[in-house]
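J.: 3D model of this:
(one chain, ligands or ions: 1)
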Amino acid sequence: MTRLSTATLPGLRAGIERPRYDRAGVRTGVVHLGIGAFHRAHQAFFFEHALNAGDLRWGVTGASLRSPAAHEALAPQDGLYSVVTRDGADERVQVVGAVRDVLVAPQDPAALVARLAARDTHIVTLTITEKGYASSASDSAAGYLAAALAQRRANGIDPFTAISCDNLSDNGGRLKQAVLAAVPKGDLALADWIEHQVAFPSSMVDRIVPATLEDDIARLTARIGVEDRAMVKTEPFRQWVIEDRFSGPRPDLSAAGVQLTADVAPWEEAKLRLLNGSHSAIAYLGGLAGIDFVHEVIALPAARALVETLMDETAATLAPPPGLDLPAYRAALLARFANPALQHRTRQIAMDGSQKLPQRLLAPILARLDRGRAAPALTLAVAAWMAWTGGRNDLGAVHGVEDPLAMVIADALGNATAPEDRVAALLSLRQIFPARLADEQAFRKALIADLALLQDQGARAAFERFSGR
Ligand code: CS2
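T.: Got it, this is the predicted structure:
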């Protein structure tokens, strides 16, 4: 099958949007670390807007820190790919030209460092997942940034702005700490330069981008006339809130739809707790019930009632930023979860629970406990994660527990089967549960009761507890 490429672009069927600029004139102003589906549907899509507006400084070099998959999909297509936006029966296809090339870091780390250190590179964006901030080794994201910043400084080149785009609170601060930890001991001058000259703005990103299925590729081929193995599918909604603190040039981000603000924290917190917290609850409870897709879970009235209760519990812990209309935001989230055309798998969201629970579920539970309030829906979601770590759903089907702490979790659980033993084992993991929370007897008791209900009667029965809402 003929692939999408520079050569086949002019022959695409009508009605497909494509780059409105001359790709030959584009420079690489952005390096993105972690070029998966999310980046293609999000940051690259915003930079495409700047390119379409005629500012050709903002082409993207993508880098994979591990797998060559993105390179293999994009290189034969000259970096071109389609963003397929689906809302119910509506479907829009836009071919994006922003990605100029893809580097596979383990194959040639020096090439990545050189690109990061290049004079034209003004912005570095990162989607390295929650677990990507734990390491400052030379082959980690932080390691590459530190090596490149050292070169820039040595060559008298201004620093880039490094924008973390992962679902973590204070992601800019965390990235800065990881990069500082990657500076060779004793290089105080470099550490000082990074500390004072390099901007690490925090940012909140939002767009639901489910993993692409073979069937999605086949459907797109039928629509555009060529095969695109790098396509991404997503929803119309997109949001990027960036702390307005840059070390150097940037495109007209506001025109591209970015919100620039002095303080990202309240945006990030609302998104993490309302969107991602609901997502994780849907993923674990839906996954246990044997339900494949998010929209199928939210279509069950009792499951929807549970999510709405979770949102009530969480909303009470938020100080929403001016400009965020909480009731409208919540209603929009429920509508986004219900989008049947996305086919977002509960299994995909269930991954890496140990890295996601603290900011999504545990932080709002703690905030409520501090005010003397219980959190039944949030607690049930945590119990569902605990049940999920058992590796078997309510129908007896076995699943892998994909998590960087999978071994630690399995070790802690040992042969425990009784709810009180499983809860005690998991609550003892300080990497996940802060002591203050683990020591809360009321929370522990509620978890044990929820896990017992999940083990004995299953997730569907647990949803039903909220149906009278
Ligand atoms: C999801 C997110 O997989 C997950 O953990 O909750 O990827 C979610 O789809 C995005 O944050 C939406 O912006």
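J.: tell me which helix or strand the residue of the stretch 301-450 of the chain found nearest the ligand sits in.
T.: Ranked by Cβ to the nearest ligand atom, the top residue of the stretch 301-450 of the chain for proximity to the ligand is Ile349, at 4.0 Å. No exception for glycine: its C-beta is placed from N, CA and C like everyone else's. Assigned by DSSP states H and E, Ile349 falls within helix 346-350.
J.: alpha carbons of that helix, as CSV, please.
T.: Coordinates of each C-alpha in helix 346-350 appear next as CSV, following Å, rounded to 0.1, in the frame of the first residue of the first chain:
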residue,chain,number,x,y,z
THR,A,346,-9.7,1.2,30.2
ARG,A,347,-6.5,-0.9,30.1
GLN,A,348,-4.5,2.0,28.6
ILE,A,349,-5.4,4.3,31.5
ALA,A,350,-4.9,1.5,34.1
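J.: put the alpha carbons of the next helix or strand after it into PDB.
T.: Per DSSP H and E, the first helix or strand lying C-terminal to helix 346-350 is helix 353-357. Output of helix 353-357 as PDB, limited to C-alpha atoms (Å, rounded to 0.1, in the frame of the first residue of the first chain):
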ATOM      1  CA  GLY A 353      -1.100   3.200  38.700                       C
ATOM      2  CA  SER A 354       1.600   3.700  41.300                       C
ATOM      3  CA  GLN A 355       2.800   6.800  39.500                       C
ATOM      4  CA  LYS A 356      -0.700   8.200  39.000                       C
ATOM      5  CA  LEU A 357      -2.600   7.600  42.200                       C
END
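J.: list the buried residues in the helix or strand just after helix 353-357.
T.: Later in the chain than helix 353-357, the nearest helix or strand by DSSP H and E is helix 363-370. By neighbour count on 16 or more other Cβ atoms under 10 Å, the buried set for helix 363-370 is 363-369.
J.: now do stretch 218-228
T.: Here stretch 218-228 shows 220-221, 223-224, 226-228 as buried, counting by 16+ other Cβ under 10 Å.
J.: could you do stretch 236-249 as well?
T.: Buried residues in stretch 236-249 (16+ other Cβ under 10 Å): 238, 240-244, 246-248.
J.: do that stretch and the ligand meet at all?
T.: No - counting by Cβ under 6 Å from any ligand atom, the ligand is not contacted by stretch 236-249; separation bottoms out at 7.9 Å.
J.: quick revisit: what's the closest of the buried residues of stretch 218-228 to the ligand?
T.: Leu220 (20.8 Å).
J.: check for me that the closest one belongs to a strand.
T.: No - counting by DSSP: H, G, I helix; E, B strand; the rest coil, Leu220 is not found in a strand; it is helix.
J.: hey, what's Asp87 bridged with?
T.: Following DSSP bridges, Asp87 is listed with bridge partners Asp90.
J.: how much space separates Ser202 from Asp170?
T.: Ser202 is 6 Å from Asp170, where distance means Cβ to Cβ, to the nearest Å.
J.: for the stretch 201-350 of the chain, what spans make up the helices?
T.: 214-224, 265-270, 277-288, 294-298, 301-315, 326-337, 346-350 (DSSP state H, counting those that start in this stretch).
J.: point out the most buried one among those helices.
T.: helix 277-288 (a mean of 27; mean count of other Cβ atoms under 10 Å).
J.: can I get that helix in PDB, CA atoms only?
T.: What follows is helix 277-288, C-alpha atoms only, in PDB (Å, rounded to 0.1, in the frame of the first residue of the first chain):
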ATOM      1  CA  GLY A 277      -8.900  11.100  38.800                       C
ATOM      2  CA  SER A 278     -12.200  10.200  37.200                       C
ATOM      3  CA  HIS A 279     -10.200   8.400  34.400                       C
ATOM      4  CA  SER A 280      -8.400   6.200  36.900                       C
ATOM      5  CA  ALA A 281     -11.600   5.400  38.700                       C
ATOM      6  CA  ILE A 282     -13.200   4.500  35.400                       C
ATOM      7  CA  ALA A 283     -10.200   2.500  34.300                       C
ATOM      8  CA  TYR A 284      -9.900   0.300  37.500                       C
ATOM      9  CA  LEU A 285     -13.600  -0.200  38.200                       C
ATOM     10  CA  GLY A 286     -14.500  -0.600  34.500                       C
ATOM     11  CA  GLY A 287     -11.500  -2.900  33.900                       C
ATOM     12  CA  LEU A 288     -12.500  -5.100  36.900                       C
END
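J.: ok, residues contacting it?
T.: Here helix 277-288 makes contact (Cβ atoms under 8 Å, 6 or more residues apart in numbering) with 294, 296-298, 303, 306-307, 310-311, 314, 333, 337, 346-350, 353, 356-357, 360-361, 364, 377-378, 380-381, 384-385, 387-388, 393-394, 399, 454, 458-459, 462-463.
J.: angle of that helix against helix 326-337?
T.: Inter-element angle recorded for helix 277-288 and helix 326-337: 30 degrees (by axes from the mean of the first three to the mean of the last three Cα atoms, to 10 degrees).
J.: element containing Ala146, please.
T.: helix 141-154.
J.: how about that helix, which residues are buried there?
T.: Buried, per 16+ other Cβ under 10 Å, within helix 141-154: 141-150, 152-153.
J.: now for the residues you listed, which pair is the farthest apart?
T.: Greatest spacing in the buried residues of helix 141-154, by Cβ to Cβ: Ala141 and Arg153 (18.7 Å).
J.: related to what we said a few turns ago, show me what the helix holding Ala146 is packed up against.
T.: Where contact means 3 or more Cβ pairs under 8 Å, 6 or more residues apart in numbering; DSSP states H and E, helix 141-154 is packed against helix 109-117, helix 171-182, helix 188-197.
J.: any idea of the mean pLDDT for the second one?
T.: The predicted model assigns helix 171-182 a mean pLDDT of 98.
J.: quickly check: that helix near the ligand or not.
T.: No - judged by Cβ under 6 Å from any ligand atom, helix 171-182 stays clear of the ligand, getting no closer than 12.2 Å.
J.: need the helices of the stretch 201-350 of the chain in JSON lines (columns: mean pLDDT).
T.: As requested, the helices of the stretch 201-350 of the chain are exported to JSON lines (pLDDT from 0 to 100):
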{"stretch": "helix 214-224", "mean pLDDT": "97"}
{"stretch": "helix 265-270", "mean pLDDT": "98"}
{"stretch": "helix 277-288", "mean pLDDT": "98"}
{"stretch": "helix 294-298", "mean pLDDT": "98"}
{"stretch": "helix 301-315", "mean pLDDT": "98"}
{"stretch": "helix 326-337", "mean pLDDT": "98"}
{"stretch": "helix 346-350", "mean pLDDT": "98"}
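J.: now those as a markdown table including distance to Asp411?
T.: Listed next are these as a markdown table, based on distance: least, Cβ to Cβ, whole Å:
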| stretch | distance to Asp411 |
| --- | --- |
| helix 214-224 | 36 |
| helix 265-270 | 32 |
| helix 277-288 | 21 |
| helix 294-298 | 31 |
| helix 301-315 | 30 |
| helix 326-337 | 34 |
| helix 346-350 | 20 |
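J.: just list whatever residues bridge to the residue in the stretch 101-250 of the chain positioned nearest to the ligand.
T.: The ligand sits closest to Asp206 of the stretch 101-250 of the chain, with a gap of 3.9 Å, by Cβ to the nearest ligand atom. For Asp206, the beta-bridge partners under DSSP bridges are Gln239.
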